[in-house]
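Student: Okay, predicted coordinates and the sequence, questions at the end:
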Amino acid sequence: MIFDKFTNGYIFTLGAELELRILNADDLSYANEYDYFKSNLSSKYKDNITSEFLQSMIEINTPVFNKLSELIEYFKEITHELNTLATKKNLILQSSGASALKQNNIELSTNERYHELSNEHKILLDDFSICGLHVHVGFKTFDKALKAFNFSLCYLPIFVALSASSVYSNGIDTGIHSYRTKIFDRLPKASIPEYFESYEHMKSVYDILYNSEVISSEKDIWWDVRIQPNFKTIEFRVCDAIHDFDRLEVIIGLCKGICKLSQVQEVSYEPMQVLKQNMWKASRYSMDADFIVDSKKVNIRDVIYKLIEELDKEELITQEFKEKALSIVSKNSIAQDMIEIYEKTKDLNEVEKVGIIK
């Protein structure tokens, strides 16, 4: 296995992966139609979608961009074409952390890797109909990426809170705003990683897992954030999938902002139990979560407001982005909106419709 200490990477480039569900428009049931989209998508976008765990899923993989605005515009363009194809077969595309409805028409992807994963993890993957958002930020060198990796660990819960959209899953009110993160936490190579002192320290862990045949490549590590030497990025993997392009822009912009901030501030090394507790609160309560900061209880909105102010002070974000970010942070999470809709309608179909991509 190659786990390079790269030295010739890119400076704060952006890429993202967004997972979508394919649903029948009439009853919002799963439609196992990935092959239809792959076969009919134009050549401009065909190479930027891949299969996911289920046949009723699509993963969008964006090209590399230097500007956040260009990445968001790309998402709008490719989802527009996907929606055009969906309409021709009475399908819709939906993006949220979990399917609110109990689904029965479930087929695994034809990708052999997913069958191997299902066989390995058994019941843990039985309800693995979850969708996520992954964000890549480019770095010039591995050492710079490693500092950002360590720096980001205490900020990961804010992305859970901002993206939380999986409080209802498989017909059940879980009470957990980002239930998707808890499903992922069950897996042995997932969840919050440890801090790493150096390239050698991280490589030693990968080597142990590779030599013992636990992993076959670095992509078999599913931490909430990981370094991708082949892409020369750090990859934030903690977010629920979301349908809202403004929220998507703010989350991706904050990922990039934290990476930039990591290069001018020192890493705060928090105890693992504090990291886990903050992650739990964010997944349980999203934008109503309390955080442990400097041994004190702080509201998560105040944590994010402070981060935005620090990014602004260091001139790492634009005024336009700052205003959009402050607006998103002041609102409910998607999960909180879902709860309000269900309390009003008692209809999970209405909850599922929240995530429809328009």
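Tutor: It's in. Residues are numbered from 1 along each chain as shown.
Student: and the longest helix for this structure?
Tutor: helix 68-88 (DSSP state H).
Student: in that helix, what's buried?
Tutor: Going by neighbour count (16 or more other Cβ atoms under 10 Å), the buried part of helix 68-88 is 68, 71, 72, 74, 75, 78, 79, 82, 85, 86. Glycine gets a C-beta too; all of them are placed from N, C-alpha and C.
Student: just stretch 239-246 next, same as before
Tutor: Going by 16+ other Cβ under 10 Å, stretch 239-246 has these buried residues: 239, 240, 241, 242, 243, 244.
Student: one step back: go ahead and measure how far the longest helix of the chain is from the middle of the chain.
Tutor: Here helix 68-88 shows a centroid-to-chain-centroid distance of 18 Å under the convention Cα atoms, centre = their mean, to the nearest Å.
Student: Give me the next element, helix or strand, following that helix.
Tutor: Sequence-wise, the next helix or strand downstream of helix 68-88 (DSSP states H and E) is strand 91-94.
Student: how many neighbours does residue 178 have?
Tutor: Using other Cβ atoms under 10 Å, residue 178 is surrounded by 34 other residues.
Student: all numbers from here: first residue = 393
Tutor: Will do, 393 is the new start, and the previous item becomes residue 570.
Student: By mean pLDDT, which helix or strand of this structure comes out lowest?
Tutor: Among the helices and strands of the chain, helix 504-513 carries the lowest confidence by mean pLDDT, DSSP states H and E, at a mean of 63.
Student: Would you map the helices across this protein?
Tutor: Ranges of helices within the chain are 426-432, 435-438, 460-480, 504-513, 534-544, 548-555, 571-577, 591-603, 637-654, 664-677, 692-705, 711-722, 726-737, 740-745, based on DSSP H.
Student: Would you mind pulling the contact partners of the longest one?
Tutor: Put plainly, it is helix 460-480. The contact list for helix 460-480 (Cβ atoms under 8 Å, 6 or more residues apart in numbering) reads 406-408, 410, 412, 414, 428-429, 432-434, 437, 440-441, 450, 452, 454-455, 457, 483-485, 637, 640-641, 644-645, 648, 713, 749-750.
Student: how far away is the nearest residue to residue 407 once chain neighbours are set aside from residue 453?
Tutor: Computed as Cβ to Cβ, 6 or more residues apart in numbering, the closest residue to residue 407 that is not its neighbour in sequence is residue 528, at 4.1 Å. Computed as Cβ to Cβ, to the nearest Å, the residue 528 to residue 453 distance reads 10 Å.
Student: Who has more neighbours out of these two?
Tutor: A count of neighbours by other Cβ under 10 Å puts residue 528 above the other of residue 528 and residue 453, at 23 against 15.
Student: from the buried residues of helix 460-480, which is closest to residue 665?
Tutor: Using Cβ to Cβ, residue 460 comes nearest to residue 665 of those, at 34.2 Å.
Student: Tell me the spacing between the closest one and residue 711.
Tutor: 14 Å.
Student: What of residue 582?
Tutor: 37 Å.
Student: okay, those two: which has more neighbours?
Tutor: Set side by side, residue 582 and residue 711 show more neighbours around residue 582, with 16 against 8, by other Cβ under 10 Å.
Student: ok, now which ones touch the residue nearest to that one when sequence neighbours are not counted?
Tutor: Nearest residue to residue 582, sequence neighbours excluded (Cβ to Cβ, 6+ apart): residue 614, at 4.2 Å. Counting by Cβ under 8 Å, 6+ apart, residue 614 touches 576, 579, 581, 582, 629.
Student: Show me the shaky parts of the stretch 543-692 of the chain.
Tutor: Within the stretch 543-692 of the chain, not a single segment meets pLDDT under 70.
Student: can you do 90?
Tutor: For the stretch 543-692 of the chain, the stretches flagged by pLDDT under 90 are 575-582, 608-612.
Student: Please report how far the residue nearest to residue 582 lies from residue 627.
Tutor: 10 Å.
Student: can you check residue 714 too?
Tutor: Taking Cβ to Cβ, one finds residue 714 at 25 Å from residue 627.
Student: re the thing from before, out of the buried residues of stretch 631-638, who's nearest residue 737?
Tutor: Nearest to residue 737 among those, with distances taken as Cβ to Cβ, is residue 635, at 18.5 Å.
Student: what about the closest one, distance to residue 557?
Tutor: 8 Å.
Student: joint contacts of the two?
Tutor: Taking Cβ under 8 Å, 6+ apart as the criterion, residue 635 and residue 557 both touch 488, 746, 747.
Student: contacting residues around the last one?
Tutor: Residues near residue 747 by Cβ under 8 Å, 6+ apart: 413, 486, 487, 488, 557, 633, 634, 635, 726.
Student: quick one: pLDDT of it?
Tutor: We have a pLDDT of 97 for residue 747.
Student: Determine the longest strand present in this protein.
Tutor: In the chain, assigned by DSSP state E, the strand with the most residues is strand 406-416.
Student: how much space is there between residue 463 and residue 718?
Tutor: Residue 463 is 21 Å from residue 718, by Cβ to Cβ.
Student: Kindly report the same for residue 708.
Tutor: From residue 708 to residue 718 the distance is 15 Å (Cβ to Cβ).
Student: Neighbour count: the two, which is higher?
Tutor: Taking neighbours as other Cβ under 10 Å, residue 708 and residue 718 compare with residue 708 leading, 19 against 15.
Student: For the closest residue to the more buried one other than its chain neighbours, which residues are in contact?
Tutor: Nearest residue to residue 708, sequence neighbours excluded (Cβ to Cβ, 6+ apart): residue 652, at 4.6 Å. Taking Cβ under 8 Å, 6+ apart as the contact definition, residue 652 lies against 404, 703, 706, 708.
Student: Cheers, nothing more for now.
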